[in-house]
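Enquirer: Task: produce atomic coordinates for the following.
(chains A and B)
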Amino acid sequence: MSPEAHSAPRSLAESLRARDDASLGALLRGRPDLISPVPTDLTQLATRAGTRASVLRALERLDRFTLQSAEALAVAGDPAPYGELLGLMGGDERDEAVAAALPRAVATLREQALVWGDDERLRLVRTARELLAPSPQHPSPTGLGPTVREATSGMSPGRVQEIVAAAGLASTHDPVSAVTALTGLFGDRKKMTKLLSGAPDAAREVLERLVWGPPYGQVTADPAAHLRWLLDRGLLLPTAPGTVVLPREVALHLRGGHAHRTPEPLPPAVEPAAVHGPRIVDATAAGQAYTALATVEELLKDWDEGGPAVLRAGGLSVRDLKRTAVALDVPEPVAAFWVELAHAAGLLASDGEADERYAATPAYDTWLERPPAERWGLLAESWLAATRTAGLVGGRDAKDRTLSALGPGLDRSAAPEVRHRVLALLAGLPTGGAPTAGAVLERLRWERPLRGPRRDGEDDLRSRLARWTLAEAELLGVTGRGALSAHGRALLGTPADAPAAPDAAADSPGPGPGDRLPVHHHRPTAAAPLSSSGRATATAAAVRLLAPLLPEPLDHVLLQADLTAVAPGPLERPLAALLGVLADVESKGGATVYRFTPGSVRRALDAGQTAGDLHAFLTAHSRTPVPQPLAYLIDDVARRHGHLRVGAASAYVRCDDDSVLNEILADKRAAGLRLRRLAPTVLAAPCDPAALLEGLRGMGYAPAAESAEGDVLITRADAHRTPPRGAPEPVPDGPPPPDATLLSAAVRAVRAGDRAATAPRKASAAPAGTGGEPPRTGAAETLATVQAAVLTGESLWIGYVNAEGTASQRVIAPVRVEGGFVTAYDHTADEVRTYPLHRITGVAELAED
Amino acid sequence: MPRVNGPLIVQSDKTLLLEVDHEQADDCRRVIAPFAELERAPEHIHTYRVTPLGLWNARAAGHDAEQVVDALVQYSRYPVPHALLVDIAETMDRYGRLTLSKHPAHGLVLSSTDRPVLEEVLRSKRIAPLVGNRIDPDTVAVHPSERGQIKQVLLKLGWPAEDLAGYVDGEAHPIELHEDGWALRPYQKQAVENFWHGGSGVVVLPCGAGKTLVGAGAMAQAKSTTLILVTNTVSARQWKHELVKRTSLTEEEIGEYSGTRKEIRPVTIATYQVLTTRRKGVYPHLELFDSRDWGLILYDEVHLLPAPVFKFTADLQARRRLGLTATLVREDGRESDVFSLIGPKRFDAPWKEIEAQGYIAPADCVEVRVNLTDSERLAYATAETEEKYRFCATTATKRKVTEAIVRRFAGQQILVIGQYIDQLDELGEHLNAPVIKGETSNAQREKLFDAFREGELNVLVVSKVANFSIDLPEATVAIQVSGTFGSRQEEAQRLGRVLRPKADGHQAHFYSVVARDTVDQDFAAHRQRFLAEQGYAYRIVDADEILAEGTG
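Expert: Numbers count the residues shown, from 1 in each chain, chains lettered A, B, ... in the order given. Down below sits the predicted model:
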């Protein structure tokens, strides 16, 4: 024990001063907000550690039991001895599990600088106390009410005397000692039992109802007998007219000393619900990892020729997501996951063009070249570190806008930490163990109870993140059959052979009540995301483990006479690419089933292959002879392919005498017309008919133009006409003549303005009142005058400066004055307006006309 | 880590690919057959499909999810996706939550071990009219006549009921197989056994593989009065003939209930046609179902089961039912009705496997493509859409090709099969062969068939009346000149005409003459799909080759 411990610290700063460097380091690691910026001295550090924002943040990071301990301290005395805290947490019967876990909780609170002082005088920092102590506005999770002292503070001494007398205590005239006596009585289990044994049954029922909180109840002005019995003895104390409260001491007596109904000293265990063989787990995960690669590849290949457009607000439209989901043959949320994953891995981005679309990045091409295991490594690493959460897609943000995939608003900073924590929990299980999602969520809730309170029925963010993590880890092949795979374990940076220590709880220092001042609390290391170099090593290790599990690409397929081809495993890339063109994919999975159709063969021919190429290709890659129907199909389609030719021409020359056409083609002057012979009697030209006519005429021919129906066109000067057009609208010099309504309104406005400017004013209100000057009065006088006008209903003349600083004069009839605003009917504007009082430069009453 | 190299590949769309040449293929096939449906059986890789129906049938046959998952995991070459395994377990778990059983006081009842499921199905509008009073929270009475209907609806709702209500034995009647000089083939025995064990169901065997004997075997097991439903009178006579020959039944014990004769005997053979004859809005012959206490009802060519018979079958759930077919593909997609009303598929054998065992003749399937002449092409292009098929299917070139093929196989027994009577008449004239069509009388038909069987006639031209159940064991060549559009089962049935094993074991030939570049070709491709999936590889040849051979 250090010598300093003998002199008890008198403040948080002093207690911090007494801590060693390691202990301070632990504090700063746990509460990094304290060192941004770095405080100048420990006093400043202590001050900062006591700020509301920082304390809130620190409380949020406590596990449930530690938080419960802090809550108990908040309802205990200040300072409280360790024994009192233990009583509150462990109850009168001193729960052993609580007694064992409490030192760690107190140590954590100390380390986090939420509690200071030695074991005889534990002090919760004031801000934390304020946050956690019960008040009528913020009921504490303990469900306890105020102390007797707090509840009787506003009570008349006479009433206190009556209560003391009714409770059977010696009467005293000093209200302070009376309250102390009452507190003492309520805290004495034996006397209380005796006192309560005389209570009517109905009264006991009332106490039962209030004991676990909320401690407040309603009473009528004339309470029933059993309530009267309780009120008389101070077992219920009035707080406000019609409201009574169960004092904290009474509640604690009834609860057997417990501050919480269920203290949870131990984290809920995460047990394997099923244990699979490690080989099965690894193989399943590897299979899924391969599917992940194939899916990302398929997704981006699908978007090769113009991906979906970027929404104006950013992101992928719901329709495009649907289409993608159909193309990938997965449900939409899963499609959103793949899209987000490709995005997070930098394989997919918006192209930034004017007509913005999503497309694969150049990094995708590099990625494709790498071995499969490395490709997976990149995906897994990106997933682990990403703050973007695909699970949110399809939900709505705070402004009720739909959150779209790749769109804004999907970042959740807690996501990487939760992912790590969930995987670390899985890593804590024996190899091959798969827990239920419920157990994992329960554990996470215990570890961070305050984060994200549950809103009506909906899970908090952390739970949802954890749920998504479990699903996504399975999709990505980090887990297989719900259990962490060997490569998944390596990804976390944990050695594959030894499961990580289940939790820090197991190795926490044990027996003493935590009297060594700074106890270093070790958080589970695996929960912390790794450093970048550490992550690279971990990924490399995972890749090494995964690589032998992935299937080797094959170089052959099996061709069958029913015009299908089966690739009994993943194919080499060039083979897969050409086969994908030549045949339609019928079924995907470990193998791929292709079906040849006339359409698919035609597609291959369109892509520049010849029938010979295709035969050679199939022969080369088939283990068995090419079936005759397939060979026939290719030849049959090739026979018809290109039989009809389509091209574009703008004009043609037709002549029944092909010798004339020969002549034209041979003529050098025709070269500029770029004529082409389509048939013995037809020439086609890419120029327009008029130019062709002109050219042929220039060569000395006499061509006639032909209509679309083949008739000879007669050229005749035809007057040129526009499409239907209307006459122009007249543009008058000024505005249109006003109608009667407008006129009368204008007149009224002008008159009112005039009235404002010229109205004779009472001399007293505007002493210097020359004609056009706005009135000037002091603020008090302004307020008084306006309030008077509200009462009398008179109109006032005011000077007013608007938000731009422009002064004006107005005549108003005030209706209401409140909160520094005057609501008035403005004669000048002819409507009801609101004016801030401070903008009114002065008022004057209008002289009676 | 050693790579597992199993014969099975599990696809994400729940198809299973089985590599036939793999050494474990047979073991694997045996293990997956109870729950997976054989979908395609071409030469190298067979495709099975895992369907909810298949999984439920497996449950009904006593297999559990654990076994199914084990089978997949054990034989799979690649890791089986976890989601698929979970899905299988969940699907199988749905079976048996509801059970149909006999209640001593309330008759037929539907009960559940899982109350929410019962609540869910009872809330369905389609269930409401089929059930009676709620007996207790977990049990509801069912009208006995709706037993089939409610099973069908529950299946559609995804909560198949386990039928524990059992079967009535029916009126006993001694039937024995006369196995002198012949015996049931192993697969026929297996089929009978599977059927009997399962109670009711469908047996799928290739044409010519002896379905009649499976029926006879089932009757010998049941030893009770039997109602046999067949497609037509000729077929009815053949059934009678076979039964007299193969079993202890005598002519007198077997009745024929058809358009001409109305006999009701311990074993009665009725045609679908007479059952579905309608007079004044009622089916007068449907009372046949109730005329005796039948112990077994046999449906021949169950894929042709007409709709009214479906309806009445639904009411016969307490009797054992056996469906026989070669091709359970219906272009109307009502296969699932067959399964839910008659019963699940109890036995299925790939055609090629039976062929390998030598029980059906190997067949050489050839598609002959004929070119339309220029004028025909022009006429085809301008024909009305509904006339197009008829036009290209009856092109004159087909006649020349048919004649060439007939010349080539001169001396063998040849069937020419077609759809259009004009075309058939013309062919009959040119080939100098009799034509059997709808208007041919039954007596005349039998006479011609007999002559053909005896070898007095070499060539027979038949319309679609001869599609089914006509036993012409000597036919070795079939030439199909036109068909019912893209009907897959018709193609298979027609091939079946020549698949009876030949005395000298030689090959059968099946020619399909198709007009190139027309809808005929598209329909042909569709028609051939079933057979191609059964491993029958069609060779495609040009008509010119055939014609050149013929003249050369």
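Enquirer: Show me what the helix or strand that contains B:I479 is packed up against.
Expert: Under the criterion of DSSP states H and E, B:I479 resides in strand B:477-480. Identification of packing neighbours for strand B:477-480 by 3 or more Cβ pairs under 8 Å, 6 or more residues apart in numbering or on different chains; DSSP states H and E yields helix B:396-408, strand B:414-417, helix B:488-496, strand B:508-515. Where C-beta positions appear, they are placed from N, C-alpha and C, glycine not excepted.
Enquirer: now do 6 Å
Expert: strand B:414-417, strand B:508-515 (3 or more Cβ pairs under 6 Å, 6 or more residues apart in numbering or on different chains; DSSP states H and E).
Enquirer: Redo the ones you listed as JSON lines? Include mean pLDDT.
Expert: Formatted as JSON lines, the helices and strands packed on strand B:477-480 follow (pLDDT from 0 to 100):
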{"stretch": "strand B:414-417", "mean pLDDT": "91"}
{"stretch": "strand B:508-515", "mean pLDDT": "92"}
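Enquirer: mind checking which of those is nearest chain A?
Expert: strand B:508-515 (11.8 Å; Cβ to the nearest Cβ).
Enquirer: After that closest one, which helix or strand is next?
Expert: helix B:519-533.
Enquirer: just checking, next helix/strand downstream of that following helix?
Expert: Using DSSP H and E, the helix or strand that follows helix B:519-533 in sequence is strand B:538-542.
Enquirer: SS state for A:V843?
Expert: Following DSSP: H, G, I helix; E, B strand; the rest coil, A:V843 is assigned to strand.
Enquirer: what about residue 323, neighbour count?
Expert: Let's take chain A. Using other Cβ atoms under 10 Å in any protein chain shown, A:R323 has 15 neighbouring residues.
Enquirer: look at chain B instead
Expert: Number of residues near B:G323 (other Cβ under 10 Å) recorded here: 28.
Enquirer: measure A:A373 to chain B for me?
Expert: Counting by Cβ to the nearest Cβ, to the nearest Å, the separation of A:A373 from chain B is 14 Å.
Enquirer: tell me which element that residue is part of?
Expert: Here A:A373 is assigned to helix A:372-385, by DSSP H and E.
Enquirer: Show me what that helix packs onto, helices and strands only.
Expert: helix A:278-302, helix A:532-546.
Enquirer: Specify the stretch among these that is closest to chain B.
Expert: Across the helices and strands packed on helix A:372-385, chain B has its closest neighbour in helix A:278-302 (3.3 Å, Cβ to the nearest Cβ).
Enquirer: circling back to that earlier point, turn the helices and strands packed on strand B:477-480 into a markdown table, columns for distance to chain A and mean neighbour count.
Expert: Shown next, in a markdown table, are these (distance: least, Cβ to the nearest Cβ, whole Å; neighbours: other Cβ atoms under 10 Å in any protein chain shown):
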| stretch | distance to chain A | mean neighbour count |
| --- | --- | --- |
| strand B:414-417 | 22 | 26 |
| strand B:508-515 | 12 | 26 |
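Enquirer: Tell me which of the ones you listed sits nearest to B:H285.
Expert: In terms of Cβ to Cβ, the element of these nearest to B:H285 is strand B:414-417, at 30.2 Å.
Enquirer: Neighbouring strands - and their directions - for the closest one?
Expert: Counting by DSSP bridges, the strands paired with strand B:414-417 are strand B:459-462 (parallel), strand B:477-480 (parallel).
Enquirer: Send over the last one as CSV, restricted to the C-alpha atoms.
Expert: Output in CSV follows, covering the C-alpha atoms of strand B:477-480 (Å, rounded to 0.1, in the frame of the first residue of the first chain):
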residue,chain,number,x,y,z
VAL,B,477,-39.3,-48.1,-86.4
ALA,B,478,-41.5,-45.1,-85.7
ILE,B,479,-41.7,-42.1,-87.9
GLN,B,480,-43.3,-39.0,-86.5
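Enquirer: In the strand with the most length in chain A, which residues are buried?
Expert: The residue-count maximum for a strand in chain A (DSSP state E) belongs to strand A:807-818. Buried residues in strand A:807-818, counting neighbours by 16 or more other Cβ atoms under 10 Å in any protein chain shown, are found at A:809-814, A:817.
Enquirer: and if you look at stretch A:612-622?
Expert: A:614-615, A:617-618, A:621-622.
Enquirer: go on, stretch A:823-839?
Expert: So for stretch A:823-839, counting by 16+ other Cβ under 10 Å, buried means A:824, A:826-828, A:835, A:839.
Enquirer: Only alpha carbons, please: show it as PDB.
Expert: C-alpha atoms of stretch A:823-839 as PDB (Å, rounded to 0.1, in the frame of the first residue of the first chain):
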ATOM      1  CA  THR A 823     -49.100  41.200 -32.000                       C
ATOM      2  CA  ALA A 824     -51.000  44.000 -33.700                       C
ATOM      3  CA  TYR A 825     -53.200  44.800 -36.600                       C
ATOM      4  CA  ASP A 826     -51.100  46.900 -38.900                       C
ATOM      5  CA  HIS A 827     -53.200  49.500 -40.600                       C
ATOM      6  CA  THR A 828     -50.400  50.300 -43.000                       C
ATOM      7  CA  ALA A 829     -50.100  46.700 -44.300                       C
ATOM      8  CA  ASP A 830     -53.700  45.900 -43.600                       C
ATOM      9  CA  GLU A 831     -52.900  42.600 -41.800                       C
ATOM     10  CA  VAL A 832     -52.100  41.200 -38.400                       C
ATOM     11  CA  ARG A 833     -48.300  41.200 -37.800                       C
ATOM     12  CA  THR A 834     -46.000  40.600 -34.900                       C
ATOM     13  CA  TYR A 835     -43.300  43.000 -34.000                       C
ATOM     14  CA  PRO A 836     -40.400  42.400 -31.600                       C
ATOM     15  CA  LEU A 837     -40.600  45.100 -28.900                       C
ATOM     16  CA  HIS A 838     -36.900  45.800 -29.100                       C
ATOM     17  CA  ARG A 839     -37.200  46.800 -32.700                       C
END
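Enquirer: how's the chain carved up into domains?
Expert: I'll assume chain A. With domains defined by automatic domain parsing, chain A comprises A:3-132, A:274-450+A:460-503, A:558-640, A:651-698, A:740-845.
Enquirer: My question was about chain B, not that one.
Expert: Split by automatic domain parsing, chain B gives B:8-94, B:98-163, B:186-355, B:361-551.
Enquirer: Endpoint to endpoint, the second one covers what distance?
Expert: The reference is to domain B:98-163. 9 Å (Cα to Cα, to the nearest Å).
Enquirer: Name the nearest residue to the residue in the stretch 151-300 of chain B that chain A sits nearest to, ignoring sequence neighbours.
Expert: Nearest residue of the stretch 151-300 of chain B to chain A: B:P206, at 16.5 Å (Cβ to the nearest Cβ). Counting by Cβ to Cβ, 6 or more residues apart in numbering or on different chains, B:W351 is the residue found nearest to B:P206 once chain neighbours are left out, at 4.2 Å.
Enquirer: Can you give me the pLDDT of the closest residue to B:V462 other than its chain neighbours?
Expert: Leaving aside its sequence neighbours, B:V462 sits nearest to B:I436 (Cβ to Cβ, 6+ apart; 4.7 Å). Among the per-residue scores, B:I436 holds a pLDDT of 89.
Enquirer: neighbours around B:I436, how many?
Expert: So B:I436, with other Cβ under 10 Å, has 23 neighbours.
Enquirer: on that earlier part again, columns distance to B:L499 on top of the helices and strands packed on strand B:477-480, output as a markdown table?
Expert: Below are the helices and strands packed on strand B:477-480 laid out as a markdown table (distance: least, Cβ to Cβ, whole Å):
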| stretch | distance to B:L499 |
| --- | --- |
| strand B:414-417 | 12 |
| strand B:508-515 | 6 |
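Enquirer: related to what we said a few turns ago, turn the buried residues of strand A:807-818 into CSV, including pLDDT and distance to A:W229.
Expert: Formatted as CSV, the buried residues of strand A:807-818 follow (pLDDT from 0 to 100; distance: Cβ to Cβ, whole Å):
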residue, pLDDT, distance to A:W229
A:Q809, 83, 71
A:R810, 84, 67
A:V811, 86, 68
A:I812, 87, 62
A:A813, 87, 61
A:P814, 88, 57
A:V817, 85, 52
